[in-house]
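Asks: Any chance you could fold what I've pasted below:
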Amino acid sequence: MRFETPLVPARLIRRYKRFLADCTLEDGREITAHCANPGSMMGLAEPGMKIWLEPNDDPKKKLKYGWRLVDHENGHFTGVDTSVPNRALKAALQARQIPELAAYDTVRAEVKYGEKSRIDFLLTASGLSDCYVEVKSVTLSRQPGLAEFPDSVTARGTKHLGELSAMVAKGHRAVMLYLVQRSDCDRFQLAADIDPTYADAFAKAAAGGVERLVYSTSISPDAVDLGPVLTAV
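Replies: Below is the predicted model of the structure:
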């Protein structure tokens with residue numbers, strides 16, 4: 001998934017109110033960017049970090065920049081926009097680039113299900129059980145090479161696991177897909193110390209037949225693309 005507008009580098013001044021970030025552009029101007037990430041962004045919002053912003057000239061948008069990447073300045077990047085995984089995965093699913101899900105020929109996004117919820121993707125094909133795919137963006141890394149989810153308590157994520165389990169109980173297929181938006185990780189695990197309730201809910205969901213897929217991403221200031229499968233530990 002290529003960015004629609006070329007990204008520009010900046011330095012982070014501070015992130016606040018979850019969705020706002022003050023930044024300094026290379027020409028010295030200070031601007032406020034939209035931060036499309038409701039999580040804690042642990043380790044990714046330190047003042048002075050190099051980041052990449054996407055400009056826009058949309059008159060309907062109050063903020064003219066969106067924060068897309070953290071540049072670790074060692075050749076690696078983290079994608080902080082939580083809307084990116086769904087956009088990248090939709091294209092990958094439609095192109096049948098995910099082997100575990102390639103048998104499905106119809107991809108529908110944001111379909112209502114459960115209790116006032118929407119599934120990220122509902123996959124269907126003649127002769128196959130419907131497949132409900134929930135996607136989570138993974139950005140936390142507290143140990144070299146190890147990606148973790150979640151980075152804060154997520155009651156919403158726990159609710160989604162329960163609803164996926166309910167779909168399996170009704171005879172459907174359900175998949176929890178974690179997309180690691182870090183180019184410096186080759187392993188994945190749940191951060192049970194951060195949210196033990198979520199970890200317990202996942203264990204119950206897995207025991208009930210909910211599948212887990214973990215995919216990496218290839219990230220640069222030009223694009224975020226689907227990478228190979230990662231090992232879950």
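Asks: Can you check which helix is longest in this protein?
Replies: helix 155-169 (DSSP state H).
Asks: Give the partner strands of the next helix or strand after that one in its sheet and their orientations.
Replies: Sequence order places strand 173-180 as the next helix or strand after helix 155-169, per DSSP states H and E. Strand 173-180 has the following sheet partners, assigned by DSSP bridges: strand 131-138 (parallel), strand 211-219 (parallel).
Asks: and the helix or strand that the shortest one is followed by, how far from the chain's centre?
Replies: Right, the one you point to is strand 131-138. The helix or strand immediately downstream of strand 131-138 is strand 140-143, counting by DSSP H and E. The offset between the C-alpha centroid of strand 140-143 and the centroid of the whole chain comes to 15 Å, using CA atoms, centre = their mean, to the nearest Å.
Asks: Name the residues that touch the lowest-mean-pLDDT helix or strand in the chain?
Replies: The weakest-scoring helix or strand in the chain, judged by mean pLDDT, DSSP states H and E, is helix 84-94 (a mean of 92). Defining contact as CB atoms under 8 Å, 6 or more residues apart in numbering, one finds that helix 84-94 is touched by 1, 68, 98, 101, 104, 107, 109, 120-121, 123, 133, 135-137, 177, 179, 181, 217, 224-226. All C-beta atoms are positioned from the backbone trio N, CA, C, and that covers glycine.
Asks: quick one, domains of the chain?
Replies: 8-79, 84-232 (automatic domain parsing).
Asks: Adding mean neighbour count as columns, could you present the ones you listed in TSV?
Replies: As requested, the domains of the chain are arranged in TSV below (neighbours: other CB atoms under 10 Å):
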stretch	mean neighbour count
domain 8-79	16
domain 84-232	17
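Asks: Find the centremost residue of this protein, please.
Replies: Of all residues in the chain, the one closest to the mean position by CA atoms, centre = their mean is residue 137, 1.9 Å from it.
Asks: contacting residues around that one?
Replies: Residue 137 sits next to 37, 79, 82, 84-85, 179, 181 when contact means CB under 8 Å, 6+ apart.
Asks: Look up how far residue 202 lies from it.
Replies: Taken as CB to CB, to the nearest Å, the spacing of residue 137 relative to residue 202 amounts to 16 Å.
Asks: And residue 75, by the same measure?
Replies: Distance from residue 75 to residue 202, counting by CB to CB: 32 Å.
Asks: Same question for residue 232.
Replies: As it turns out, when the distance is counted by CB to CB, residue 232 lies 11 Å from residue 202.
Asks: Name the residues contacting each of these two.
Replies: Overlap between the contact sets of residue 232 and residue 202, as judged by CB under 8 Å, 6+ apart, is given by residue 212.
Asks: Give me the pLDDT for residue 10.
Replies: Residue 10 is assigned 98 on the pLDDT scale.
Asks: list the contacts for it?
Replies: Under the criterion of CB under 8 Å, 6+ apart, the contact partners of residue 10 comprise 23-26, 31, 33, 50-53, 65.
Asks: rerun at 6 Å
Replies: Under the criterion of CB atoms under 6 Å, 6 or more residues apart in numbering, the contact list for residue 10 reads 23, 25, 51, 53.
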